[in-house]
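Visitor: Next input, structure requested:
(2 chains)
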Amino acid sequence: MRVADVPLEYFAGQHVIPCEGSVLHEMVTGEPAYIWIDGRRVTIPTPRLPVRELEIRGTRMSAVLIGPPWSLFNEYLRTPTRQTRARIELWLQAAMRKKLQRADSMVFSGVMSYALGTPLVPRGEVWVGTRGLHCQPTEDGICIRWPIASSFPLRCKIRVVPERFGIFLNDEDLVVEKQGDSDGDLVFVVWLGGKPAEKRQLQFALDQIVDLEFPDIPQEIEQMDPQSLANGYAAKSLVGIATWWTWVHARFPGNDEAWARAYDMYTPAIEAMMDGRKTGAKVDLEDFGFGKNLPNLIQLINMALPGVRFMVATRSRTPDFDTDWRQLVRHYWSLRWAPEGVDLEDSEAGNRQEVSA
Amino acid sequence: MKESVEYLKSLGARRVFVPGGFGFEVGPGLGGKRVLVASITRVFGDSALRIIRPAVYVGSDGMHVWSGLERLNRLLAGDRDDPMSVSESLALFPIWEQFKPRNLEIQINEVDVLPRSLPKEYIPQVAQRFNLVIEWTSKSHPLRVLGLPTVLDIAEAAGLDYTQVSVYRAFRELRSLLKNGLPLLEPDPDKPYGDILRDVVVGVAPMKGERTDLVYATPTGAEKLRFVRRFDGEDIRMKLFMRDAVRYEEYEDKTQASREAAIVQRRVRGELVFSPQTMVKLVTIEGVKGMCVTLNDDVEVNGEKVDLLVDVRSVISKGAQLKLEGEGPWILRTKVGATDHGSPMHREQSVSVRPEAALFGGLIDTVDPLEHLEPGLLEELDEVWRMARELYA
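Guide: Numbering: from 1, shown residues only, chains lettered A, B, ... in the order given. A predicted model of the protein is given here:
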């Protein structure tokens, strides 16, 4: 199949082809196209046809943005020189790095909304109010409170309540397991699969919510002096630092248990901070083990950079195309990966070679 | 803009010279150093009015007070030795981007404390030196901002008896409520803060299960507590919420991207009603707060019809139990408002999780990352790897 030379419009740094009557439009929806470069047959990636409503020379029309690499291949067809080939190679190397960087996050279908804790929802279930939402949740999922600090994820059965907003979950699941409440806490629910979530009705009636045991209420108001208040706020401001330290510990010394040990340090530290906010007590992260038994700390500083971005972008080279990119990504997500240049124990050397293979 | 300027004048604003823009000094200020409300396109990139509060700067040579105008001038002078960053110098949030009627009025009674890196333990000394109210602070960034003594008048006017509640909780919540309070659909102009606060009778009783702070509205209460939120967004997203809109208009937004081409987007703007039927976050002036859902029937407590029903533990946890009437079930007479919780923004979303979150969220080792990468990324990665092999092999 030959790549036709068609007139292109130029728009916001990309080539644009009006869809109507375009030769290319038909071609790109058909069989794969290829091009000969220095005697090699290189398959041209199929564009995903991003169609936009554009106004071109005063006429509003649907047009498809083709952008690189189509425009690069078009250029090579016109003038097959060393420079045009070099441009394709440069684009390809950049694309490998960029696309791998995008693998530094997992994407789930889900919804984020406000937690509404009530005994009317059975334990282990999460009822998603779907009013105003276009979504088809499935039955199996995970519910995580945001921010994640000091919370435990709930493997849950998802149900939907079509006429309501918000995310309803059992009061004990919310308060005890997740240490949350219903004063504006956010939770996100992601669905992982299974049958479509069943529908439920939710009506609140007085006898279902009120307890007839009336307690004695305290007759004093607890006040806090300004210094305790400030110390409490100072304790809470450590949450970000504790989270960063946990990440560092999870990455070092780079074995399977590191992340579990880091998580074990994190949970009590966050709980102490939350208590400190109310009692005014100061929190020392070292008491929880943060910053201890780590290798050269200078090399850890750059680790605040997230994800594969660090793994790939800070390396001056493009990953070897002989390496399976799936292996790179899985290794990164296993939290066994450690950055280059750090002396690991002999037992971790195998892991490191696996990454840079 | 004209409306905003008129509003500023009603607050006693005085016009001041601002290089490359225009501005007003307003508010009581700290020792004569007042808030600046200014529009300066060269600094902010657009012409929206922004607020720059006065600041106490704690340096190695002692504490200094700068007015909003002085902070701006320091920034424009571009003193390279000045250790402050732009974000520390200025409050960058534009005001009036949403309609929160009391937002500016609250902020002109506040002072920033700089630098941000100042350990929080020292802030009580700053408050004591300048007679600032330390409990009147930001919820999300505590002790970054403190109240001028005039905030006590605000609290009183709003109806809070701050001798009967724990102030450190109540002031923080009251500030948030007044600053971010949404306007009522049916305001009461004769009452102080009657545009955002409504008098209610709250029934207080112990609730079954754990204390979740959920607030229940009776049909009567739900009718009284309807608030308005402005919105502006793509019509495809907003259409789902149109049945809760009081009014809206559709329009076309045309962005001229180049000389020959423009992107046209269909948008809609208007006002949504937030009520217990649609879910709303309610806050009383004492700081008793929670997401609100509706009850089926009206409720009477001690022979009196109530608007809301809350858990007694929610009242005690906020230190407001001295305001309860009766022996149980109790009555709490108070004022209530709503803060924005962004429900029109709720939608199905792609939740993006990085390894740190996977660790904390318990997803690590339970799901395969390759199954949950960005849609289409697997094919794209395969494609570039294949192309590389074809080109270099």
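Visitor: So, low pLDDT: which residues of the stretch 51-200 of chain A?
Guide: A:64-68, A:147-152 (pLDDT under 70).
Visitor: quick check: longest strand of chain B.
Guide: strand B:261-274 (DSSP state E).
Visitor: Parallel or antiparallel, list what pairs with that one.
Guide: With DSSP bridges as the test, strand B:261-274 is paired with strand A:51-56 (antiparallel), strand B:227-234 (antiparallel), strand B:245-256 (antiparallel).
Visitor: Run through the neighbouring helices and strands of the next helix or strand after the second one.
Guide: I take that to be strand B:227-234. Sequence-wise, the next helix or strand downstream of strand B:227-234 (DSSP states H and E) is helix B:235-238. With contacts taken as 3 or more Cβ pairs under 8 Å, 6 or more residues apart in numbering or on different chains; DSSP states H and E, helix B:235-238 sits against strand B:261-274. Any C-beta I mention is one placed from the backbone N, CA and C, and that applies to glycine too.
Visitor: list the buried ones in the strand it packs on?
Guide: Buried residues in strand B:261-274, counted by 16 or more other Cβ atoms under 10 Å in any protein chain shown: B:261-262, B:267-274.
Visitor: Put the alpha carbons of the helix or strand hosting residue A:128 into CSV.
Guide: Assigned by DSSP H and E, residue A:128 falls within strand A:125-129. The C-alpha trace of strand A:125-129 is given here as CSV (Å, rounded to 0.1, in the frame of the first residue of the first chain):
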residue,chain,number,x,y,z
GLU,A,125,-20.9,-3.3,50.4
VAL,A,126,-20.6,0.1,48.8
TRP,A,127,-23.7,1.7,47.2
VAL,A,128,-22.9,4.2,44.5
GLY,A,129,-25.5,7.0,44.0
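Visitor: Sheet partners, orientation included, of the next helix or strand after that strand?
Guide: Scanning forward in sequence from strand A:125-129 by DSSP H and E, the next helix or strand is strand A:138-146. Using DSSP bridges, strand A:138-146 pairs in its sheet with strand A:154-161 (antiparallel), strand A:186-196 (antiparallel).
Visitor: With mean neighbour count as new columns, can these be given to me in CSV?
Guide: CSV is the format used below for the strands paired with strand A:138-146 (neighbours: other Cβ atoms under 10 Å in any protein chain shown):
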stretch, mean neighbour count
strand A:154-161, 19
strand A:186-196, 18
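Visitor: Kindly reformat the ones you listed as a markdown table containing distance to residue A:125.
Guide: Converted to a markdown table, the strands paired with strand A:138-146 look like this (distance: least, Cβ to Cβ, whole Å):
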| stretch | distance to residue A:125 |
| --- | --- |
| strand A:154-161 | 5 |
| strand A:186-196 | 11 |
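Visitor: out of those strands, nearest to residue B:35?
Guide: Distance to residue B:35, taken as Cβ to Cβ, is lowest for strand A:186-196 among those, at 31.8 Å.
Visitor: any idea of the angle that closest one forms with strand A:125-129?
Guide: Relative orientation of strand A:186-196 and strand A:125-129, computed by axes from the mean of the first three to the mean of the last three Cα atoms, to 10 degrees: 100 degrees.
Visitor: what's the next secondary structure element after strand A:186-196?
Guide: From strand A:186-196, the next helix or strand downstream (DSSP H and E) is strand A:198-199.
Visitor: Residue A:140 and chain B: what is the separation?
Guide: From residue A:140 across to chain B, the span is 11 Å (Cβ to the nearest Cβ, to the nearest Å).
Visitor: Without its sequence neighbours, what residue ends up closest to that residue?
Guide: In space, and not counting its chain neighbours, residue A:140 is closest to residue A:194: 3.9 Å by Cβ to Cβ, 6 or more residues apart in numbering or on different chains.
Visitor: can you point me to the longest helix in the chain?
Guide: Assuming you mean chain A. helix A:258-279 (DSSP state H).
Visitor: Wait, chain B was what I had in mind.
Guide: helix B:377-392.
Visitor: Going along the chain, name the strands of chain A.
Guide: Under DSSP E, chain A gives strands at A:9-11, A:14-18, A:34-37, A:40-43, A:51-56, A:59-65, A:106-117, A:125-129, A:138-146, A:154-161, A:167-169, A:186-196, A:198-199.
Visitor: so whichever strand or helix holds residue B:336 versus strand B:261-274, what angle?
Guide: Take DSSP H and E as the rule and residue B:336 turns out to sit in strand B:330-339. Interaxial angle, strand B:330-339 versus strand B:261-274 (the same axes, to 10 degrees): 170 degrees.
Visitor: Residue B:287 contacts residue B:172, correct?
Guide: Yes. Look at residue B:287 against residue B:172 with Cβ atoms under 8 Å: they come within range, at 7.2 Å.
Visitor: check contacts around residue 173.
Guide: Answering for chain A, as no chain was given. A:117, A:123-124, A:154 (Cβ atoms under 8 Å, 6 or more residues apart in numbering or on different chains).
Visitor: should've been chain B
Guide: By Cβ under 8 Å, 6+ apart, residue B:173 lies in contact with B:139, B:283, B:286-287, B:289, B:318.
Visitor: Phi and psi next, for it.
Guide: phi -70, psi -40 (degrees, to the nearest 10).
Visitor: how close does it sit to residue B:275?
Guide: 21 Å (Cβ to Cβ, to the nearest Å).
Visitor: Quick one, grab the pLDDT at residue B:178.
Guide: You'll see residue B:178 listed with a pLDDT of 95.
Visitor: and the longest strand of chain B with strand A:59-65, angle?
Guide: Using the same axes, to 10 degrees: strand B:261-274 against strand A:59-65 is 90 degrees.
Visitor: Could you identify the helix or strand that succeeds strand B:261-274?
Guide: strand B:280-284.
Visitor: okay, that following strand in CSV with CA atoms only?
Guide: The C-alpha coordinates for strand B:280-284 follow below in CSV (Å, rounded to 0.1, in the frame of the first residue of the first chain):
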residue,chain,number,x,y,z
VAL,B,280,-25.4,19.3,50.3
LYS,B,281,-22.8,19.9,52.9
LEU,B,282,-24.3,21.7,55.9
VAL,B,283,-22.4,23.5,58.6
THR,B,284,-23.8,25.2,61.7
